[in-house]
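Colleague: no sequence for this one, just the structure:
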């Protein structure tokens, strides 16, 4: 039996779609972004979580500021005009990537565990030891978000000696 070392694109899309519907409701589903929508606006937020153990990966969600704010307001049940408190955005995006990462992790061989989520304004740099295994460019409310699953370029293997 051969075990997959990377999640499939369709599995990751299903995970993100389910998490999206759970957190933000079924009224405004995410959709695959058309080529005319990519790349997303610059200067947004990145939220990442690391998976370690039998399967290793980094799950990254990258999104523009207006989308990050809209997601936060929707998750917190706020009106579009309400001001966000200091940590609202960080907490909401951290929870979003945590649940997406946990669901992606559950697709793979285990046992593995999640790190705490990290949320940053602007792009996070990726380790050169990682390669992009799966990338989704998705649309919501006229903006594009990207979900990337990266895995080690050279997965650890048992020492043959």
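Modeller: Looks like it arrived, so ask away. The shown structure was predicted, so the numbers you read here are calculated from the model rather than taken from an experiment.
Colleague: number of nearby residues for the residue lying closest to residue 53 once chain neighbours are set aside?
Modeller: In this structure, residue 53 finds its nearest non-sequential neighbour in residue 112, 3.3 Å apart by C-beta to C-beta, 6 or more residues apart in numbering. The C-beta positions use only the backbone N, C-alpha and C, and glycine is treated the same way. Neighbour count of residue 112, defined by other C-beta atoms under 10 Å: 17.
Colleague: Was I right to think residue 112 contacts residue 49?
Modeller: No. In this structure, residue 112 is not within contact of residue 49 by C-beta atoms under 8 Å, at 11.5 Å.
Colleague: Show the pLDDT at residue 34.
Modeller: At residue 34, the model reports a pLDDT of 71.
Colleague: by contact count, what packs against the helix ranked longest in the chain?
Modeller: Looking across the chain with DSSP state H, the single longest helix is helix 88-107. Counting by 3 or more C-beta pairs under 8 Å, 6 or more residues apart in numbering; DSSP states H and E, the packing neighbours recorded for helix 88-107 are helix 9-24, strand 45-53, strand 57-63, helix 65-76, strand 112-114, strand 118-121.
Colleague: what bits of the chain have low per-residue confidence?
Modeller: Within the chain, the stretches falling below the threshold (pLDDT under 70) are 1-4, 35-42, 155-161.
Colleague: ok now do the most centrally placed residue in it, which residues does it touch?
Modeller: Centroid-nearest residue in the chain, with C-alpha atoms, centre = their mean: residue 61, separated by 3.4 Å. By C-beta atoms under 8 Å, 6 or more residues apart in numbering, the contact list for residue 61 reads 46-48, 93, 96-97, 100, 145-147.
Colleague: try 6 Å
Modeller: By C-beta atoms under 6 Å, 6 or more residues apart in numbering, the contact set of residue 61 is 47, 97, 147.
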